[in-house]
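A.B. asks: Only the shape, not the letters, is given here:
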């Protein structure tokens, strides 16, 4: 962050600014002066630095910077400057910023408006609550979403009431935010609303509603069971998914009847989801019905039944990993460590089986999972691996690929899928015999994996 800028404070000559140095030194005065630079990139760098410092001395200068003037419409970068100023004021938390932030809710730049909303969430005040509530019906979905989130932080009771209303919003983005608010703040009084919306047309919204129901635990089981005869197969499938996530053994007798036998559910997708739920519940009493489901005429059901049997078989030896972004079950004798190392999210090993494990994430908006698997196969070929294969798998409801390859000593197994612009890939390496012994645990990880977007 270096720049040559005119010194309007001392005669109009040019001076050399090192914004990064000013940030490290905590030179608030110089950074405030840089907010008036003729070079708008300097203004932006200074505003970002002040956002990081969050020093109360900068409040007046930031309030001035936040103010929109008509001439600024021709310079989009100044919208970024105002947005950074809004965020900085929120970080500082000075009550004198409330009115300027409220004024910025009418800024022509949406990023400024969103930044102002987020900052108001840190400045609890009745004026803030009343104003933010007025933006719940804004024409822009991102404003409605952030207004709801901000309201829930300012006034949880009012935010929860409005979130229940927002479950009917026309935008899936707002409905998803509403479900998350209810998931964080809701209680059993919300259950009827949530169950009524379990068949939302959007997958991500349904997922959040399911998690909100699951958070309520056992109290949700009986209302879910009562609706298992719903005429809509989509609704039955989501109800079953929720029961599986809750993990109550009280649901097992009902689910057993749905997966196999003369009175099994007529829809193959529902039967598959029932098998999946029984695996998550982990009750050995379900094994007989699941074994019978291995003869189902549809491959989807047979695969889900096989995965459920595997899961029940190893359930006593499983732990759950969940870092808020990615979750899955894995055997207790795997030693996993969450890391922040570029693309790598998780690294691990299993000394008993000589296994090395890695979970990675790569931003790849222009690359499909299939194209990424092609790249991986090319890399394995260049490294001299042989017996390279690729097959299709489903991971977290997304189409993905399993790639395998061998060296003279080891076998490599990689699972690849894409979700919301990111490629996720799970990498296992070990001796051939050890990899073979570990396959069922790999399947458990893959079949229980979920990425929270």
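C.D. replies: Yep, it's here. For clarity, every value in this text was computed on a predicted model and none was experimentally measured.
A.B. asks: Can you report how many residues neighbour the nearest residue to residue 290 once chain neighbours are set aside?
C.D. replies: Closest residue in space to residue 290, ignoring its immediate chain neighbours: residue 305 at 4.8 Å, by C-beta to C-beta, 6 or more residues apart in numbering. Glycine gets a C-beta too; all of them are placed from N, C-alpha and C. Residues lying near residue 305 (other C-beta atoms under 10 Å) number 28.
A.B. asks: now residue 305, what's its secondary structure?
C.D. replies: What DSSP: H, G, I helix; E, B strand; the rest coil gives for residue 305 is helix.
A.B. asks: Contacts only, for it.
C.D. replies: Contact analysis of residue 305 by C-beta atoms under 8 Å, 6 or more residues apart in numbering lists 259, 275, 290, 291, 293, 294, 296.
A.B. asks: which residue sits closest to the first one in space, ignoring its chain neighbours?
C.D. replies: Residue nearest to residue 259 in three dimensions, not counting chain neighbours: residue 274, with 4.3 Å by C-beta to C-beta, 6+ apart.
A.B. asks: That neighbour touches residue 258, doesn't it?
C.D. replies: Yes - in this structure, residue 274 is within contact of residue 258 by C-beta atoms under 8 Å, at 4.6 Å.
A.B. asks: which residues do those two both contact?
C.D. replies: With C-beta under 8 Å, 6+ apart as the test, residue 274 and residue 258 both reach 240, 265.
A.B. asks: Helix, strand, or coil at the residue nearest to residue 259?
C.D. replies: helix.
A.B. asks: Now do the contacts for it.
C.D. replies: For residue 274, the contact set (C-beta under 8 Å, 6+ apart) comprises 240, 255, 258, 259, 265.
A.B. asks: and the third one, backbone torsions?
C.D. replies: In this entry, residue 258 is assigned phi and psi values of phi -80, psi -20 (degrees, to the nearest 10).
A.B. asks: What of the last one?
C.D. replies: When quoted as degrees, to the nearest 10, the phi and psi of residue 265 stand at phi -60, psi 140.
A.B. asks: Quick check: the gap between the nearest residue to it once chain neighbours are set aside and residue 243.
C.D. replies: Distances taken as C-beta to C-beta, 6+ apart put residue 258 closest to residue 265, at 4.5 Å, once the chain neighbours are dropped. Separation of residue 258 from residue 243 (C-beta to C-beta, to the nearest Å): 10 Å.
A.B. asks: Which one of the two is surrounded by more residues?
C.D. replies: residue 243 (29 against 23).
A.B. asks: helices and strands around the helix or strand encompassing residue 87, which ones?
C.D. replies: Per DSSP states H and E: residue 87 is located in helix 77-92. Here helix 77-92 touches helix 40-53, helix 59-66, helix 98-103, helix 110-120, going by 3 or more C-beta pairs under 8 Å, 6 or more residues apart in numbering; DSSP states H and E.
A.B. asks: one step back: shared neighbours of residue 258 and residue 243, anything?
C.D. replies: The contact lists of residue 258 and residue 243 share no entry, where a contact means C-beta under 8 Å, 6+ apart.
A.B. asks: tell me the contacts of the residue lying closest to residue 217 once chain neighbours are set aside?
C.D. replies: Nearest in space to residue 217, with sequence neighbours left out and distances taken as C-beta to C-beta, 6+ apart, is residue 246 at 6.4 Å. By C-beta under 8 Å, 6+ apart, the contact set of residue 246 is 213, 214, 217, 218, 220, 221, 224.
A.B. asks: just the buried members of the residues you listed?
C.D. replies: Buried members of the contacts of residue 246, scored by 16 or more other C-beta atoms under 10 Å, are 213, 214, 220, 221, 224.
A.B. asks: avg pLDDT for the helix holding residue 87?
C.D. replies: For helix 77-92, mean pLDDT is 97.
A.B. asks: Can you list the neighbours in contact with it?
C.D. replies: Contact partners of helix 77-92, identified using C-beta under 8 Å, 6+ apart, comprise 35, 40-41, 43-44, 47-48, 50-51, 54-56, 58-59, 62-63, 65-66, 68, 72, 97, 100-101, 104, 107-109, 111-112, 114-116, 118-123.
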